[in-house]
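J.: Based on what follows, work out the 3D shape:
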Amino acid sequence: MTIRICRCNCRLPRRQKASNPATRNGGSYTRLSRLCVLRILIFVGVSAWRIQAFAAENLPAQTIVVFNTAAPDAESLAKFYAEKRGIADDHVVALDCPSEEEISREQYDVTIAAPLRKIFHERRWWQVHETSDGDKRVQTLAIHFIALIRGMPLKIRPRARPAPGDTPGSGPVLSRNEASVDSELSTLGFFTKQISGAIANSYFQSFLPIAEHTTSPLLLVTRLDAPESATVRRMIIDATEAEKGGLWGRAYVDGSHETSGGKEVGDAWMRAIVDQSHKEGVPVVFDDLPTVFPDNYPMTDCALYYGWYTGNVAGPFNQPGRFVPGAVAAHIHSYSAATLRDENSGWAGPLVSRGAAATVGNVYEPYLELTAHLDILNDRLLHGYTFAESVFMASRVLSWMGVAVGDPLYRPYLNWTQIDSKTLPKSATSWRAYHEFAIKNNKLDSSDYRMQARVVGARTRNAAMLEDVALMELRDGKFSTAIATLEQARGAYTKRDDIIRCVLEECDALIKFGKSNRALDLIRRVLRIIPESPALQLLHKMENDLTKPPLPTPTPHQ
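T.: Now for the predicted structure:
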């Protein structure tokens, strides 16, 4: 079976066969110190408190960078990232690992887990207490983030026989002992020998920064990885630069193409992403057709992309240049990150190769409920959390199949309202204006909100704002208003592909409104005046569909 994402019916509060609570969830521990600034700011409003708390964190001191000495360029990439993030030299860790992406459980234990536990102990990054019955529990933890550098193994292959201390269960989850290296490494401080099944993630759906999470000694592991070393360097630069000037652009959301039981879940995730983005003033293009965005779709200024359910990279992502620097993109599929060394295989490697700075994926079959919940991921990013925190807040289980590719400390939306206007790129002015309007007015009734947004957008000629509001009206069945607003957006845009996209949306609204002749007239007028573009093929196809004679009614047999 090449595609298998579905709801998992197994209940997984934790590994069922673990011998005691400490081995099931890692026990409890106390972080090294609390940030006193949180006590000072506790009386301030929740939003202001959260921004101040984020700003006060010394994230580089909580981060280690791990590279494989057997991988070319790995050490230089590790030092490059550490320098960009201000991470101390003694937080850059060299391991001697296999060079293959897939390794055995024994290789993971010997070349990754054991050396890292030793280093954590020697450098006092944690304090471990051994109980009378021989169990180990992490009591204090100074490190919360791990960045794995290109060249580190990616996944741990299935083991045919149970490992010592492991008791496999039955069913599609509890019997499995393969995992991504990253997800397994996140449980380094759990000291459990039970490797079959998945471990419940106590950080799932949290709203706390990881330094405030005291339920388990969780490590947030992401990787700076891609088919080429140059891509990793670009990802690092894009993330750090996007934080300075803000991540501005649209969210493109590709609705569910799944027809089995997973469709309901996927549709709910995607619609939640649309609603979340609108509340923050991020314009959204939502495609709910049973195919991915077409190859020649005029996808411009893509800051966020979420989609599913196609096996390999497809649609506009067959071409580079779709993403703004720092973009976060994810396409859910069972094997989207089965390899990160091929720019055309799956989705994770191709997305970063084509310009994204961060993505998530799966190395083996995860089952839909146990893959990263994209709606939670998007929500936490928009609320200013780091990429690593957002991914793990969105992940129901650990020691499983997920992998996150990108800078763990990347916070694309933390400071986007605090950015000094002098440093704001001119191209970002309209995006910021829409964001500020949305934050100020998102408590309004939806019809009042859209009416005011249309007025402000028309007065300021904010094309992105007008297009977004028009698409809201279209989804609500307000065809006449949607058509008029899209016409305004089309007139305010100056870039060819933005205009073409508005024409496609306007024609779609006209056809749904029963005005096919007006749609055909608009298409033909645009085709006469718009300079050549691959996106025009979509208008030609729409023209052909509108002029195609109806199929003859079959004559019944006598």
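J.: And the average pLDDT for stretch 190-205 is what?
T.: Mean pLDDT, stretch 190-205: 96.
J.: swap in stretch 292-305?
T.: What stretch 292-305 shows for mean pLDDT is 94.
J.: What residues of stretch 138-149 count as buried?
T.: Buried positions in stretch 138-149, judged by neighbour count with 16 or more other Cβ atoms under 10 Å: 138, 140-149. Any C-beta I mention is one placed from the backbone N, CA and C, and that applies to glycine too.
J.: export those residues to CSV and tack on pLDDT and secondary structure?
T.: Converted to CSV, the buried residues of stretch 138-149 look like this (pLDDT from 0 to 100; DSSP: H, G, I helix; E, B strand; the rest coil):
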residue, pLDDT, secondary structure
V138, 95, strand
T140, 95, strand
L141, 97, strand
A142, 97, coil
I143, 98, coil
H144, 98, coil
F145, 98, strand
I146, 98, strand
A147, 98, strand
L148, 98, strand
I149, 98, strand
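J.: what pLDDT does I332 get?
T.: pLDDT recorded at I332 is 91.
J.: If you could redo that for G27, that was the one I meant.
T.: At G27, the pLDDT recorded in the model is 40.
J.: Please identify which of the buried residues of stretch 138-149 is nearest to A438.
T.: Minimum distance to A438 across these is 30.6 Å, recorded for F145 (Cβ to Cβ).
J.: and stretch 455-473, how far apart are its ends?
T.: In stretch 455-473, first residue to last residue: 14 Å (Cα to Cα, to the nearest Å).
J.: sorry, back to before: can you redo the buried residues of stretch 138-149 as a markdown table with distance to Y306?
T.: Formatted as a markdown table, the buried residues of stretch 138-149 follow (distance: Cβ to Cβ, whole Å):
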| residue | distance to Y306 |
| --- | --- |
| V138 | 34 |
| T140 | 37 |
| L141 | 32 |
| A142 | 34 |
| I143 | 30 |
| H144 | 26 |
| F145 | 24 |
| I146 | 25 |
| A147 | 24 |
| L148 | 24 |
| I149 | 26 |
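J.: what's the most distant pair in these?
T.: T140 and I149 (26.4 Å).
J.: now the helices: where do they sit in the stretch 1-150 of the chain?
T.: Secondary structure of the stretch 1-150 of the chain, counting by DSSP state H, counting those that start in this stretch: helices at 21-25, 36-40, 46-56, 74-85, 105-108, 114-122.
J.: and the strand or helix carrying A470, what other elements does it pack with?
T.: Using DSSP states H and E, A470 sits within helix 463-475. Counting contacts by 3 or more Cβ pairs under 8 Å, 6 or more residues apart in numbering; DSSP states H and E, helix 463-475 packs against strand 284-287, helix 429-441, helix 446-460, helix 479-492, helix 496-512.
J.: which SS class is the spatially closest residue to P168 that is not a sequence neighbour?
T.: Spatial nearest neighbour of P168, excluding adjacent residues (Cβ to Cβ, 6 or more residues apart in numbering): S196 at 4.0 Å. Secondary structure state of S196, per DSSP: H, G, I helix; E, B strand; the rest coil, is coil.
J.: before we move on, the earlier item: could I get the helices and strands packed on helix 463-475 as TSV with mean pLDDT and mean neighbour count?
T.: Compiled in TSV, the helices and strands packed on helix 463-475 are given as follows (pLDDT from 0 to 100; neighbours: other Cβ atoms under 10 Å):
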stretch	mean pLDDT	mean neighbour count
strand 284-287	95	20
helix 429-441	94	18
helix 446-460	97	16
helix 479-492	97	21
helix 496-512	96	21
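J.: Any chance of TSV for those, columns distance to G315?
T.: Shown next, in TSV, are the helices and strands packed on helix 463-475 (distance: least, Cβ to Cβ, whole Å):
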stretch	distance to G315
strand 284-287	9
helix 429-441	24
helix 446-460	28
helix 479-492	22
helix 496-512	14
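J.: Among the ones you listed, which comes closest to R233?
T.: helix 429-441 (26.4 Å).
J.: Nearest approach to I64 belongs to which of the helices and strands packed on helix 463-475?
T.: Checking the helices and strands packed on helix 463-475 against I64 by Cβ to Cβ gives helix 429-441 as the closest, at 34.3 Å.
J.: can you list contacts of that closest one?
T.: With contact meaning Cβ atoms under 8 Å, 6 or more residues apart in numbering, helix 429-441 is reached by 246, 248-249, 278-283, 416-417, 419, 424, 449, 452-453, 456-457, 460, 462-465, 468.
J.: go with 10 Å
T.: Outside helix 429-441, the residues that touch it by Cβ atoms under 10 Å, 6 or more residues apart in numbering are 47, 246-250, 277-283, 301, 303, 324, 413, 416-417, 419, 421, 424-425, 428, 448-449, 452-453, 456-457, 460-466, 468-469, 492.
J.: for stretch 535-544, same thing?
T.: Applying Cβ under 10 Å, 6+ apart, the set of residues contacting stretch 535-544 is 294-300, 316, 496-497, 499-501, 503-504, 507-508, 511, 519-520, 522-524, 526-527, 530, 533.
J.: Any of the contacts of helix 429-441 buried? List them.
T.: Buried among the contacts of helix 429-441 by 16+ other Cβ under 10 Å: 246-250, 277-278, 280-283, 301, 303, 324, 413, 416, 419, 424, 428, 449, 453, 456-457, 460, 462-466, 468-469, 492.
J.: mind listing the helices for the stretch 201-350 of the chain?
T.: 229-245, 262-279, 348-353.
J.: Looks to me like R161 is in a helix.
T.: No - assignment of R161 by three-state DSSP gives coil, placing it outside any helix.
J.: residue contacts, the nearest residue to R117 once chain neighbours are set aside?
T.: Closest residue in space to R117, ignoring its immediate chain neighbours: L188 at 6.5 Å, by Cβ to Cβ, 6+ apart. L188 makes contact with 26, 112-113, 116-117, 120, 126, 138, 143, 146, 217-219, 221 under the criterion Cβ under 10 Å, 6+ apart.
J.: out of those, which are buried?
T.: 26, 112-113, 116-117, 120, 126, 138, 143, 146, 217-219, 221.
J.: Now stretch 118-131: buried residues?
T.: By neighbour count on 16+ other Cβ under 10 Å, the buried set for stretch 118-131 is 119-120, 125-128.
J.: Quick one: low-confidence residue ranges for the stretch 51-200 of the chain.
T.: Residues of the stretch 51-200 of the chain meeting the criterion pLDDT under 70: 51-56.
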